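Trainee: Below: sequence and its predicted model.
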Amino acid sequence: MNILRKVKTQLETPRDERPLGSGWLSGSLALLASIAGFLIVMLRWFPETFSYPEIAFIQDSGIVTIFLRFVLLSGYALALLSLILSQRKSLGWTALAISVVASLMATTQPEVGDAPQSLYFGLDYFIINVLVVGFLFVPLERFFPARSEQTVFRAEWQEDMFYYLVSSMLVQVLGFLTLAPSNYVNAQADLDAVRATIVALPFWLQVVIIMMATDFVQYWVHRAFHTFPVLWRFHAIHHSTKKMDWLAGARMHLIEIAVLRSLTALPMFTLGFKPEAIQGYLLIVYFYSSFIHANIGWKLGFLERFFVTPRFHHWHHGSDRAAIDINYASHFPIYDWLFGTHHLPETEWPEAYGVVGNTVPRGYWKQFIYPFTKPKPEDPPQMPGE
Ligand SMILES: [Zn+2]
Ligand SMILES: [Zn+2]
């Protein structure tokens, strides 16, 4: 795995050691293109294993074939450019090798039969997530950074990418868990009158009501995760990130994802909103949750009073004394105003991020078992407010 380590080292080159023309950018893009191409080919080879039904069009769409060729050709061209420009060749060679393997596999793709669609690993969902969200936020963070010294491949980026992968792969399991409490409420309560009122409202108003209602629940669930020590040990994982960007929000314990999502989704799935309004809300949240974690330094003026912005949520992640147990809302700061937890200085950003005392271990699996382990006696107090 020596080559992997070399590739990683080359990707993490500090910005001042890789000026334009050093072959770093072309090498990184080549690696991205070759991996994307390889994964698309894998999806086509093993449709029944990797595919998520909603995006099964990857299997037999002509547009995807053209896209795949474009991606693989870009991978070749950029890898060659990087090999010419760069002193270090690991990125270029790796990207080239993956492109070659992917191209060979693409030309010998087996016939797609009527394979049983029993297992969806959601790998394609992950690829589309990373491509769509990454391609949107990486340039924004590059051109409007809150912290200009921070790079895309900052410390622990691969851990957070793994979190992103796991939650994308488990999208169906998590979806099922998310619906469980709502299904229960739907079976128990008679909400027909409320539903008749809500379904008659205009689309945009339904979306706004969903946002208000989910954020109200989210506020209190989030606050509970900060208040009760047992819950805090789960939520501390989300707070353990020391670098904030679009990927950082993905770091969240699976138990917390299940609890948080299923409770915040309760009003959405029980009050009779139209499916289009629910989809509209989910689309907004999909980008909004990456946005509030992103390393984007936009000065949003009066908008900061009405909507949660990166600076508002970055304060929530701050490790300064002033940044403890504040700004729980994820859409509307008004909830923090109302319940006395609002904190947003004029223009400043927090000094640093992370958990007080640095008690959370590094790495996915260590973090996975962390909430189930006993606090060490020498650990500083677990609660952020103590
Ligand atoms: Zn929190
Ligand atoms: Zn967060």
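Mentor: Sure thing, it's come through. Please read these numbers as outputs of a predicted model, since none were measured by experiment. Numbering: from 1, shown residues only. Ligands and ions are numbered 1, 2, ... in the order given.

Trainee: just for this protein, where's the confidence low?
Mentor: Low-confidence segments of the chain (pLDDT under 70): 1, 48-60, 108-124, 171-173, 377-386.

Trainee: Can you give the domain ranges for it?
Mentor: Following automatic domain parsing, the chain resolves into domains at 2-123, 171-372.

Trainee: mind giving me JSON lines with those domains and columns for mean neighbour count and distance to residue 148?
Mentor: Every C-beta, even on glycine, is put in place using the N, C-alpha and C of the backbone. Shown next, in JSON lines, are the domains of the chain (neighbours: other Cβ atoms under 10 Å; distance: least, Cβ to Cβ, whole Å):
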{"stretch": "domain 2-123", "mean neighbour count": "17", "distance to residue 148": "9"}
{"stretch": "domain 171-372", "mean neighbour count": "17", "distance to residue 148": "8"}
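
Trainee: Would you reformat these as a markdown table and include distance to residue 137?
Mentor: Formatted as a markdown table, the domains of the chain follow (distance: least, Cβ to Cβ, whole Å):
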| stretch | distance to residue 137 |
| --- | --- |
| domain 2-123 | 14 |
| domain 171-372 | 4 |
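
Trainee: Which of these sits closest to residue 135?
Mentor: Closest approach to residue 135 among the domains of the chain is made by domain 2-123 (9.6 Å; Cβ to Cβ).

Trainee: Now do the strands in this protein.
Mentor: Applying DSSP state E to the chain gives no strands.

Trainee: now the farthest one out in it, which residue is it?
Mentor: No residue in the chain sits farther from the centre than residue 193, which is 37.0 Å out by Cα atoms, centre = their mean.

Trainee: What is the end-to-end distance of stretch 360-367?
Mentor: Criterion Cα to Cα, to the nearest Å; first-to-last residue distance in stretch 360-367 is 7 Å.

Trainee: where's residue 174 relative to residue 246, distance?
Mentor: Using Cβ to Cβ, to the nearest Å, residue 174 is found at 20 Å from residue 246.

Trainee: Please apply the same query to residue 257.
Mentor: 17 Å.

Trainee: now do residue 372
Mentor: Per Cβ to Cβ, residue 372 is found 29 Å from residue 246.

Trainee: ditto for residue 190
Mentor: Using Cβ to Cβ, we find residue 190 at a distance of 42 Å from residue 246.

Trainee: before we move on, what about residue 22?
Mentor: Applying Cβ to Cβ, the value for residue 22 to residue 246 is 25 Å.

Trainee: can you check residue 326 too?
Mentor: From residue 326 to residue 246 the distance is 22 Å (Cβ to Cβ).

Trainee: Next: residue 106.
Mentor: Distance, residue 106 to residue 246, by Cβ to Cβ: 30 Å.

Trainee: residue contacts, the residue nearest to residue 289 when sequence neighbours are not counted?
Mentor: Of all residues not flanking residue 289 in the chain, residue 249 sits nearest, at 5.4 Å (Cβ to Cβ, 6 or more residues apart in numbering). By Cβ atoms under 8 Å, 6 or more residues apart in numbering, residue 249 lies in contact with 238, 289, 290, 292, 293.

Trainee: Good, wrapping up.
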